[in-house]
Every structure is written in structure tokens, then in C-alpha cells.
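Colleague: Quick one: sequence plus predicted model below, questions after.
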Amino acid sequence: MELHGTTILAVRKDGHVAMAGDGQVTMNTTVLKHNARKIRTTFGGKVLCGFAGSTADAFTLFEHFEARIQEYGGDLTRSAVELAKAWRTDKILRRLEAMMLVADSTRMLLLSGTGDVVEPSEDAIAIGSGGPYAYAAAMAYLDAARRIEAQISQGGEYTAMPGYLSAREIALRSLRIAAGICIYTNDQIVVEEL
């Protein structure tokens with residue numbers, strides 16, 4: 001039986017980082033849970049972590065990441081790289097089927113079991129079954145915000161809502177869009193922000 005049902009999105013805007021995740025967990029064609037919490041904070045609330053994939057595997061990876069972030073004094077990149085190396089080479093860890101997004105106030109990273117540690121070139125990144133939908137929505141909101149800010153900086157006036165959305169609001173709205181499209185994503189959304 002396959003477990004499905006995760007959408008995790010991280011968005012950076014105006015010096016803030018928000019990570020949002022839906023609450024749905026399904027097994028085959030049955031929804032098992034509506035309000036799972038797939039976003040966690042660690043390192044005294046200074047680091048966000050979201051996970052997609054098998055629940056037990058995701059929690060195991062979170063525990064290993066949490067140990068690394070403590071060991072390396074909050075250095076997100078080093079912690080992520082060390083976890084990715086262990087994830088790829090350790091006999092037990094390499095069997096774990098999950099992905100993670102981690103973020104602090106300066107960077108966002110995607111970690112995978114194949115040893116990938118990816119820093120996005122844009123101000124958004126997403127994983128999970130509804131990830132492409134949430135990512136596309138977030139990119140549209142961020143693009144609209146940039147256009148509005150450019151118009152305002154050139155002396156124009158513009159009060160349409162997208163330009164004034166925070167990272168948290170963009171993450172929330174983008175997850176809602178994904179929930180309307182992806183059958184493995186619901187609208188029981190948790191958002192954490194730095």
C-alpha cells in the first residue's frame with residue numbers, strides 16, 4: 001500500500017520565510033487523516049523543516065536533521081549536506097523514502113535521498129504530490145508582487161492585493177490553490193514563518 005498526500009511549500013519575501021504544508025494523508029484511495037502536521041521548527045524556532053513521503057521515514061529524517069543542526073550550531077547548509085551524505089550512504093537511512101525542505105532566515109534547501117541538496121534560484125520551492133501546483137501559484141504571486149513594486153517605484157500607484165501579500169499569505173494562498181487541484185492535498189494548512 002502506498003501512502004500519498006503531501007504538499008510542502010517554502011516562500012521568501014521581504015526578509016521573511018514562510019513554509020506551509022497541508023494536512024492530508026491517504027492510503028491508496030482512502031483519506032486516513034485530515035490534519036497531519038508536516039511542518040516543524042527546530043533550533044530554537046530558527047529553522048523550519050517540512051517533509052513529504054512515508055510518515056515514519058520523514059520523522060526519522062527530521063530527527064537526524066535536528067541532530068545535525070544542533071551539532072553544527074545552526075549552520076543550515078552544512079547540516080543539510082551532512083544529512084544528505086549520511087542519507088545516501090548509511091544502510092538504513094538510504095532506504096528511507098521521503099523528501100525535505102529546510103529553511104532559515106537566509107536560505108531554503110531541498111534535500112532528497114539521492115544526495116541532492118538544492119538551493120532554489122527563485123524565492124519559492126515545493127515538494128510533494130501537490131508541489132508543482134503550489135510552486136506555480138507562488139511564482140505567479142511573487143511575479144505579480146515584483147511587477148507591482150516596479151510600477152510603484154516608477155511613481156505609479158497600484159493597490160491590487162498581490163503586491164501586498166506577505167510570504168505567509170503567498171504560501172497559504174498557494175497551498176489553497178494546490179488543494180483545489182491535487183486530490184492528495186487538502187485545505188487543512190499549517191504555516192510557520194521566520
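Modeller: The structure has been received and is ready for your questions. Numbers count the residues shown, from 1 in each chain.
Colleague: Now for the residue sitting furthest away from the middle of the chain: which residues touch it?
Modeller: Largest separation from the mean C-alpha position in the chain: residue 155, at 35.1 Å (C-alpha atoms, centre = their mean). Counting by C-beta atoms under 8 Å, 6 or more residues apart in numbering, residue 155 touches no other residue. Just so you know, the C-beta spots here come from the backbone N, C-alpha and C atoms, and that holds for glycine as well.
Colleague: For residue 159, report the pLDDT, please.
Modeller: Note on residue 159: pLDDT of 54.
Colleague: Quick one: classify the residue farthest from the centre of the chain as helix, strand or coil.
Modeller: Classification of residue 155 by DSSP: H, G, I helix; E, B strand; the rest coil places it in coil.
Colleague: so how far is residue 145 from it?
Modeller: 18 Å (C-beta to C-beta, to the nearest Å).
Colleague: what's around residue 183, how many residues?
Modeller: Residue 183 is flanked by 14 other residues according to other C-beta atoms under 10 Å.
Colleague: in this protein, which ranges drop under the pLDDT threshold?
Modeller: Where the chain drops to pLDDT under 70, the residues are 1-5, 91-96, 156-163.
Colleague: Show me the strands in it, by range?
Modeller: For the chain, the strands defined by DSSP state E cover 3-4, 7-13, 16-21, 25-27, 30-33, 39-42, 47-53, 98-103, 108-112, 117-118, 124-128, 190-193.
Colleague: Just list what the last one packs against, helices and strands only.
Modeller: It stands for strand 190-193. The helices and strands touching strand 190-193, judged by 3 or more C-beta pairs under 8 Å, 6 or more residues apart in numbering; DSSP states H and E, are strand 16-21, strand 39-42, helix 167-181.
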